[in-house]
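Engineer: Whatever this is, show me its structure:
(2 chains)
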Amino acid sequence: MIRFLTLLTGLLFVVLQITLASLISVHSIRPDFIVIFIVTRALIEGPTAGVVWGFGLGFLLDAVSSGLVGLGSMAYSVVGFLAGQVGNGKVVSRFHYVVALISGSVAAHVIFFYFTEPWKEIGLLEPMLFRVLPGILLTGFLGILWMLSPFLRFTAERKRG
Amino acid sequence: MNGFLARLNLENLEPWIALVVAVVISLALMGTSDTQGTELARLRTTEILEVFARPFSLIPTVMNLQAENTRLRKDNTALRIQISQAREAVQENERLRRLLDYKDSTGLFLQAGEIIGRNPLPGVHSLLINVGSAAGIAKHMAVVNDRGLVGQVVRVNAGSAVVQILMDRNMGSAVRLSGCRADGITVWGGGQRLMIDGIPNSVPVRLGEEVITSGLDGVFPEGIPVGMVVRTERSSEKLFQLIEVEPAVDFTAIEEIFIVWDTKRRPAP
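Structural biologist: Next up, the predicted model:
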């Protein structure tokens, strides 16, 4: 039952990413809900599960995008792996969560930037400063709000117990 | 050797193996993006996600006002395109002294659609809309809104379609500068910037010049507004000048879109 609810939550995050992320974007800088979810799962379940979650949710997003299929699954697999390594499936603390969130968010944004932006033509500095960095910060901010939510505290305590 | 293998903790290797497998499969998928199997998997996945995404797109509004607004926007879009085409026709006629038999292309049919999802991945700019093959939508149809060109349909399900917008790395459209009559191709310049490629340094491009579709790509009908020239830059080292265009469409705030049917594919009333 818990597994099913987790799966449903993952699907909900995918839907939120498709429908809500653009609506709450600031100057076309959007939060990445998927990173938040994958980091959470990877911290709770470990790096292997993080990779599996990342691959699965990434593939779902690839399917509804007009870009290369496989890009999302690769980027989010890396996010799951990194976040899992930070927590290593044993400790779930707020400090670990923030570190995992930032490293996961950086990894995802850099991979997407490398594959989708015309950085060879426009250079690195401007897009990094005005798009990638704000995206990481916005995702981090929402991730911290999610961290403070009762749901995440519950799952974290359950894991420790 | 056996001792070495025994020292290796397989549990520690498991995440690495998972990551390598995931990355290899992802790269393999990237290489097979256009195959029939991958396309089918994408279509089925989109169909499932579309069901979940639809309720989120229903923002509570007064239904009558929304319907009227849609109708007015539709009329407005048709009029804008017609005005742009009329302006084109006048210039063309003057320049060629009525030697051209100008093609009648005002019979564009617009079909309204709603956006149910957008930009699923950072850097990949696309829209998921609520009309699909059941409504007669097909690949490579042009998509516009009341301001101008939005993009083209790249994938179609029965009840939804994926639209690739102009601000995407893999998207380009044949355009014409309305003043100097030079033809070029749009290229996404990162962020909200649109560039035009392929216009030689010798062409005198004015700031504020209107950019419209030229129809030469066979995808977008001629005369749809694309944007306005806001910056030009010439370099002696390059053959073509750098032209920056402010898009006519505000891609951060698209609410409704219209799919353009050409007269040959116009649906039965």
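Engineer: pretty sure B:F109 contacts B:F258?
Structural biologist: No - B:F109 is beyond contact range of B:F258, at 9.4 Å (criterion: C-beta atoms under 8 Å). (Glycine included, C-beta is placed from N, CA and C.)
Engineer: Show me which of the two is the more surrounded one.
Structural biologist: B:F258 (23 against 15; other C-beta atoms under 10 Å in any protein chain shown).
Engineer: Would you confirm that B:A41 contacts A:V64?
Structural biologist: No - contact criterion C-beta under 8 Å: B:A41 and A:V64 do not qualify, at 11.9 Å.
Engineer: Out of those two, name the residue with the larger neighbour count.
Structural biologist: The neighbour count for B:A41 versus A:V64, taken as other C-beta under 10 Å, is higher for A:V64 (29 against 16).
Engineer: Return the residues in contact with the more buried one.
Structural biologist: A:18, B:42, B:45-46, B:49, B:117, B:120, B:126, B:128, B:162 (C-beta atoms under 8 Å, 6 or more residues apart in numbering or on different chains).
Engineer: what bridges to the residue of the stretch 151-269 of chain B found nearest chain A?
Structural biologist: When distances are taken as C-beta to the nearest C-beta, the stretch 151-269 of chain B reaches nearest to chain A at B:Q164, 4.0 Å away. B:Q164 has the following beta-bridge partners by DSSP bridges: B:S126, B:Q152.
Engineer: What of B:D197?
Structural biologist: Beta-bridge partners, per DSSP bridges, of B:D197: B:I185.
Engineer: Distance-wise, check it relative to A:G123.
Structural biologist: 17 Å (C-beta to C-beta, to the nearest Å).
Engineer: again, but for A:G50
Structural biologist: For A:G50 relative to A:G123 (C-beta to C-beta), the value is 33 Å.
Engineer: which intervals of chain A have sub-threshold pLDDT?
Structural biologist: A:88-92, A:151-161 (pLDDT under 70).
Engineer: So which residue of it lies furthest out from the middle?
Structural biologist: Centroid-distance maximum for chain A: A:E121 at 27.7 Å, with C-alpha atoms, centre = their mean.
Engineer: what residues does the host helix or strand of it touch?
Structural biologist: Using DSSP states H and E, A:E121 sits within helix A:119-122. Contact with helix A:119-122 is made by A:113, A:127, B:189-190, as judged by C-beta under 8 Å, 6+ apart.
Engineer: mind listing which of these are in helices?
Structural biologist: A:113, A:127 (DSSP state H).
Engineer: Of all the residues in the stretch 51-200 of chain B, which one is nearest chain A?
Structural biologist: B:G123 (2.9 Å).
Engineer: Centroid-nearest residue for the chain?
Structural biologist: Let's take chain A. Closest-to-mean residue, chain A, C-alpha atoms, centre = their mean: A:V35 / 0.5 Å.
Engineer: think we crossed wires, I meant chain B
Structural biologist: B:G151 (1.9 Å).
Engineer: Let me see the contact set for that residue.
Structural biologist: By C-beta under 8 Å, 6+ apart, the neighbours of B:G151 are B:126-127, B:143, B:163-166, B:168, B:171.
Engineer: same thing but at 6 Å, please
Structural biologist: B:143, B:163-166 (C-beta atoms under 6 Å, 6 or more residues apart in numbering or on different chains).
Engineer: Report how many residues lie close to B:F56.
Structural biologist: 16.
Engineer: State whether it and A:I18 are indeed in contact, as I suppose.
Structural biologist: No - if you go by C-beta atoms under 6 Å, B:F56 and A:I18 don't touch, sitting 8.1 Å apart.
Engineer: Now name the helix or strand holding the residue nearest to the centre of chain A.
Structural biologist: helix A:33-45.
Engineer: touching chain B at all, that helix?
Structural biologist: No - judged by C-beta under 6 Å from any C-beta of the partner chain, helix A:33-45 stays clear of chain B, getting no closer than 8.8 Å.
Engineer: Mind giving me the packing neighbours of that helix?
Structural biologist: helix A:2-19, helix A:47-64, helix A:71-87, helix A:94-116, helix A:133-147 (3 or more C-beta pairs under 6 Å, 6 or more residues apart in numbering or on different chains; DSSP states H and E).
Engineer: Contacts for that helix, please.
Structural biologist: Contacts for helix A:33-45 (C-beta under 6 Å, 6+ apart): A:13, A:16-17, A:50, A:53-54, A:57, A:76, A:79-80, A:83-84, A:87, A:92, A:100-101, A:104-105, A:108, A:139, A:143, A:146, A:155, A:159.
Engineer: Check the offset of that helix from the chain's centre.
Structural biologist: Computed by C-alpha atoms, centre = their mean, to the nearest Å, the chain-centroid distance of helix A:33-45 equals 6 Å.
Engineer: CA atoms of it as PDB?
Structural biologist: The C-alpha coordinates for helix A:33-45 follow below in PDB (Å, rounded to 0.1, in the frame of the first residue of the first chain):
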ATOM      1  CA  PHE A  33       9.700  19.200  -8.700                       C
ATOM      2  CA  ILE A  34      11.100  16.000 -10.000                       C
ATOM      3  CA  VAL A  35      14.500  16.700  -8.400                       C
ATOM      4  CA  ILE A  36      12.800  17.300  -5.100                       C
ATOM      5  CA  PHE A  37      10.900  14.000  -5.200                       C
ATOM      6  CA  ILE A  38      13.900  12.000  -6.400                       C
ATOM      7  CA  VAL A  39      16.200  13.400  -3.800                       C
ATOM      8  CA  THR A  40      13.600  12.600  -1.100                       C
ATOM      9  CA  ARG A  41      13.200   9.000  -2.300                       C
ATOM     10  CA  ALA A  42      17.000   8.500  -2.800                       C
ATOM     11  CA  LEU A  43      17.700   9.700   0.800                       C
ATOM     12  CA  ILE A  44      15.100   7.400   2.200                       C
ATOM     13  CA  GLU A  45      15.600   4.300   0.100                       C
END
